[in-house]
Every structure is written in structure tokens, then in C-alpha cells.
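> Below are the sequence and a predicted model; questions follow.
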Amino acid sequence: MKKALITGVTGQDGSYLAEFLLAKGYEVHGIKRRSSSFNTSRIDYLYQGPQDSGRRFFLHYGDLTDASNLTRILQEVHPDEIYNLGAQSHVAVSFECPEYTANVNALGALRILEAIRLLGFQETRFYQASTSELYGAPQVFPQNEDTPFNPRSPYSIAKLFAYWTTVNFREAYDLYACNGILFNHESSRRGETFVTRKITRGLANIAQGLEQCLYLGDLNAFRDWGHAKDYVEMQWLMLQQESPRDFVISTGLQHSVREFLHYSAQELGITIEFKGRGDREVGIVSSVVGESAPAVRPGDKIIQVDSRYFRPAEVESLMGDASLARQELGWAPKTSLKELIGEMISHDLKEAKRNLLLTRNGYRADLICEE
Ligand code: NDP
Ligand code: GDR
């Protein structure tokens, strides 16, 4: 039975990858951080108790900033494959915490690669979660494996270090180490502060009357959005090749944040018209059809641009060319943007309805805790 170790197993991709590898028959080990509240909600459904004789999913406490911990876990598990998905993954937050971001995203990758080398695990294969943010402000469209990098945030600068460290360990020590340069991928498990989930969750709450207005930053940024579930399969495939190589994974289509907003609103039967410019821009409801948004009326202001969400340096436009992955790995995205948005809205609408029901029926967390 093959063994995989996943850093960032509690995150969006980590949860899908763990599910995928377990279904393939792997023994899966994940590293989770100690936190004062539960942080395993995305993987709880995969949990197997210590009494389960067929147990193949194991969690270890650890942190990418802690080299001795990582080395010990590697030594104990001796994995065939390591997927380094752990990161401070929020670009805007990286401007607030640049040093921490560098420690986790840049040195974290180095720490794992050094542990592989020092333990003499020459057969262990390593996947690094690289990113389209490396391209930053690209001069070439669409971007592929040969497009020059031009990172524009502490997040992507740290990821650039990890990218080159991965290449360096491949060249210097002959390790099977490769980078997946993944463009944005989303799902109903996406963190709530990334723009897609912020939009689907915010609009669903507004539709049900739980919120009045959604505050957003740059609506004119363009991204190439795919589905996370499709993308983790590629992470695995990259480690199954004869020799290691870096691959771009993307859909090859781009849309603006504004378009994502329109499509999400449409799923709820809401049409929005934009008025004003810059940080004075607002989105007003022009019509509502169907029954998904009972709390919304024409004329409601439900979107407000807020300069607090602008970034010191913005990445305006990204679109990937995944021809190499198409050729070598048989890559083709399975989920369209419309399907992705449909899934996210449907999930967040269900959540909003549940929360509304709890609020209406007098649910009060403080009372329940006191019992
Ligand atoms: P998430 O933010 O959902 O997950 C990040 C994971 O990293 C979480 O499990 C988090 O733990 C963990 N983590 C954070 N800090 C540390 C640390 N110091 N030590 C150990 N673990 C840590 O990200 P995604 O799942 O979306 O992305 C996975 C990887 O892919 C990331 O490296 C990201 O940068 C990269 N990437 C993502 C893309 C995307 O569009 N999703 C595109 C390209 C690259 P906790 O749950 O406790 O916070
Ligand atoms: P990104 O994703 O920075 O591409 O990084 P995010 O969803 O945060 O931003 C995408 C674009 O939307 C604009 N935007 C907003 N973003 C957020 N978060 N909140 C807002 O209110 C808002 N309004 C507009 C942003 O300015 C940006 O242009 C993601 C992460 O998963 C990284 O880890 C990964 O490497 C890249 O995708 C590929």
C-alpha cells in the first residue's frame, strides 16, 4: 500500500486530495496545526477512529515552521509521496504578515526537501503547490511553463523561493520533485475570505435576509477559475510520471470578479446594475425572479466597493495555458464555471436557510453554552 503525506490537509485542496488518495487505496497521513478551536471541519467526514481496524487516514500535529517536527514525522511515516499544500495562502493577508508568510511558504518547502535529503529518502516523490500568482503582472497571454515570473506580493515572492528550491533539489540531488503551477481553483470548501466564496456566501445570506450588503475590493481583476476537485487529481498525476516535471493547470478561460458576481447573482434570480466609480461604486438590484431571494427587492443596494479590500499591488489579469498537461497528463477540466458557481451557490444557500431557521426559532449560542 502506498503512503502519502499531505501538509495543509485541513485546507480546501488537502481535504479533496486526502479523499482522492484514500479512494485510490493509499494510506494517507496529514499534518494539522494545533489550534484552540476545531480546524478539521473539511476532513471530519474522512475520520476513522483508532478502533477501526481498516484505518488508513492518520493525522499528526505539526507546523511548516518547525523543522525538527517535520523531520520526525517524515522519519516515522516514510512516505512514498509528499504533497506540500500547507501555506499562508491569502495574498492580501501576506501584505500584513510578510515575514510569517515567507517562513511558512518559502522555508516550509525547504524544510521538507532538506528532511527528505538528510533522511536519504531518495525514492520519496515531492509535490510543491506552486501558483499562477508567480506570474503577477505577465507580459504574455496566456501563461505557460515558460512564461517569466513577476511576483507582486509577499505571498508570491515566498512561493517563488519554494518553486526554485523544488527545481534546485531536482537538479542538485536528483529527487523526484515537481511544481504544479495551479491557477485559481474554488469549491464549496473554499475559505470564506477568498473572493469567490465571499461572493457566493455573501449573496446567499443577502438573499435570505441575513446580511444587507457585500463589501468587495477590485471588481475588475480577471482570474482563470477551475474546480478544486478536478485540480487535485492533477497533483497526484504529476507524481506518477516517469520523470519529474513542472506543469501549469488551468482552464484557459478568464472572467472578471464582476462577472463572477453577476453569474452568482443570476443563480439566485437577482440582476444587479452597477453605478458610480472606484471606491464609490455600488451594485443595485434591478430585478428579482424566482423564490431563491425572498429578502431582496429591486432598488436594494447589495454591493459596495470598499477600498479596504484593495491590495497594495494588484494582480490584474491571469489566464493559463495548460497545453503541456493536456498532452502529457491527459488534462481537461471537467467542471465549467457555471457548474462551479451553481454548486457553490446551492451549498451556501442551504447554509443560509439553515442559519435563518436557527435564528428565527430562537437559537442563541450563548444560552446553549450556559446549559
Ligand atoms: P487553504 O488556505 O484552504 O489551506 C491551507 C492549508 O495550510 C490549511 O490546512 C492550513 O491549516 C495549512 N497551514 C497554514 N499555515 C500552516 C503552517 N504554518 N504549518 C502547517 N500548515 C499550515 O489553501 P488551498 O487548499 O486553497 O491551497 C492549497 C495550496 O495550494 C496552498 O499552498 C496554496 O498557496 C496553493 N495554491 C492554491 C490555489 C487555489 O486557488 N486554491 C492556487 C494555487 C496554489 P489551517 O486549516 O489550520 O489553517
Ligand atoms: P487570489 O484570490 O489573490 O487570486 O489568490 P482571491 O480570491 O483572494 O482574489 C482574487 C481577486 O479578487 C479580488 N478581490 C477580492 N479578493 C478578496 N479576497 N476579497 C475581496 O473582497 C475582493 N474583492 C476583489 C482580488 O483583489 C484579486 O484580484 C488565490 C489564493 O488561493 C492563492 O493561494 C493562490 O495561489 C491563487 O489564488 C492562485
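It's in. Owing to the predicted nature of the structure, the values given are computational and were not obtained by experimental measurement. Ligands and ions are numbered 1, 2, ... in the order given.
> make it CA atoms for all contacts and neighbour counts henceforth
Fine.
> Go ahead and confirm Ala87 touches Asn103.
No - Ala87 is beyond contact range of Asn103, at 9.6 Å (criterion: C-alpha atoms under 8 Å).
> if I pick the nearest residue to Ala352 once chain neighbours are set aside, what's in contact with it?
Closest residue in space to Ala352, ignoring its immediate chain neighbours: Asn205 at 5.4 Å, by C-alpha to C-alpha, 6 or more residues apart in numbering. Contact analysis of Asn205 by C-alpha atoms under 8 Å, 6 or more residues apart in numbering lists Glu211, Asp348, Leu349, Ala352.
> Would you mind pulling up the elements that the strand or helix carrying the last one packs against?
Meaning Ala352. Assigned by DSSP states H and E, Ala352 belongs to helix 337-360. The contact analysis (3 or more C-alpha pairs under 8 Å, 6 or more residues apart in numbering; DSSP states H and E) places helix 337-360 against helix 195-207, strand 226-227, helix 257-267.
> With Arg326 as the reference, name the closest of those.
Proximity to Arg326, assessed across these by C-alpha to C-alpha, is greatest for strand 226-227 (14.8 Å).
> Can that closest one be said to contact ligand 1?
No - judged by C-alpha under 6 Å from any ligand atom, strand 226-227 stays clear of ligand 1, getting no closer than 8.2 Å.
> What helices and strands are in contact with that strand?
Here strand 226-227 touches strand 185-186, helix 337-360, going by 3+ C-alpha pairs under 8 Å, 6+ apart.
> With mean pLDDT added, can I get those in TSV?
Formatted as TSV, the helices and strands packed on strand 226-227 follow (pLDDT from 0 to 100):
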stretch	mean pLDDT
strand 185-186	98
helix 337-360	96
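> Can you lay out these as a markdown table showing mean neighbour count and distance to Ser41?
Shown next, in a markdown table, are those (neighbours: other C-alpha atoms under 10 Å; distance: least, C-alpha to C-alpha, whole Å):
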| stretch | mean neighbour count | distance to Ser41 |
| --- | --- | --- |
| strand 185-186 | 24 | 17 |
| helix 337-360 | 17 | 15 |
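> Ligand 1: which of the ones you listed is closest?
With C-alpha to the nearest ligand atom as the measure, strand 185-186 is the member of the helices and strands packed on strand 226-227 nearest ligand 1 (4.0 Å).
> Any part of that closest one near ligand 2?
No - judged by C-alpha under 6 Å from any ligand atom, strand 185-186 and ligand 2 are separated, with a smallest distance of 7.1 Å.
> Touching that strand from outside, list them.
Thr196, Arg197, Trp225, Gly226, His227, Ala228, Tyr231, Leu340.
> what do you get for stretch 4-19?
Against stretch 4-19 from outside (C-alpha under 8 Å, 6+ apart): 21, 26-32, 39-43, 46, 77, 79-87, 187, 189-191, 228-229, 232-233.
> which of these are buried?
Neighbour-count burial within these applies to 21, 26-32, 42-43, 79-87, 187, 189-191, 228-229, 232; the criterion is 16 or more other C-alpha atoms under 10 Å.
> what about the helices in the stretch 1-150 of the chain?
Counting by DSSP state H, counting those that start in this stretch, the stretch 1-150 of the chain has helices at residues 12-23, 67-77, 91-96, 98-101, 108-118.
> picking up where we left off before, TSV for the contacts of Asn205, including distance to Leu5?
Formatted as TSV, the contacts of Asn205 follow (distance: C-alpha to C-alpha, whole Å):
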residue	distance to Leu5
Glu211	40
Asp348	31
Leu349	34
Ala352	35
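> out of these, who's nearest ligand 2?
Nearest to ligand 2 among the contacts of Asn205, counting by C-alpha to the nearest ligand atom, is Glu211 at 15.3 Å.
> That closest one and Ile157, how far apart?
36 Å (C-alpha to C-alpha, to the nearest Å).
> Same question for Gln235.
22 Å.
> Show me what from this structure comes close to ligand 1.
Selection of the chain residues close to ligand 1 by C-alpha under 6 Å from any ligand atom yields 7-14, 33, 39, 63-65, 85-89, 104, 129-131, 182-185, 191.
> contacting residues around stretch 52-68?
For stretch 52-68, the external contacting residues (C-alpha under 8 Å, 6+ apart) are 22, 26-34, 46-49, 69-70, 73, 86, 103-104, 107-109, 111-112, 115.
> which residue ranges form the helices in the stretch 201-350 of the chain?
228-238, 257-267, 323-329, 337-360.
> What is the second one packed up against?
If you count contacts as 3+ C-alpha pairs under 8 Å, 6+ apart, helix 257-267 packs onto helix 195-207, strand 270-275, helix 337-360.
> Please repeat the previous calculation with a cut-off of 10 Å.
With contacts taken as 3 or more C-alpha pairs under 10 Å, 6 or more residues apart in numbering; DSSP states H and E, helix 257-267 sits against helix 195-207, strand 222-223, strand 270-275, strand 282-288, helix 337-360.
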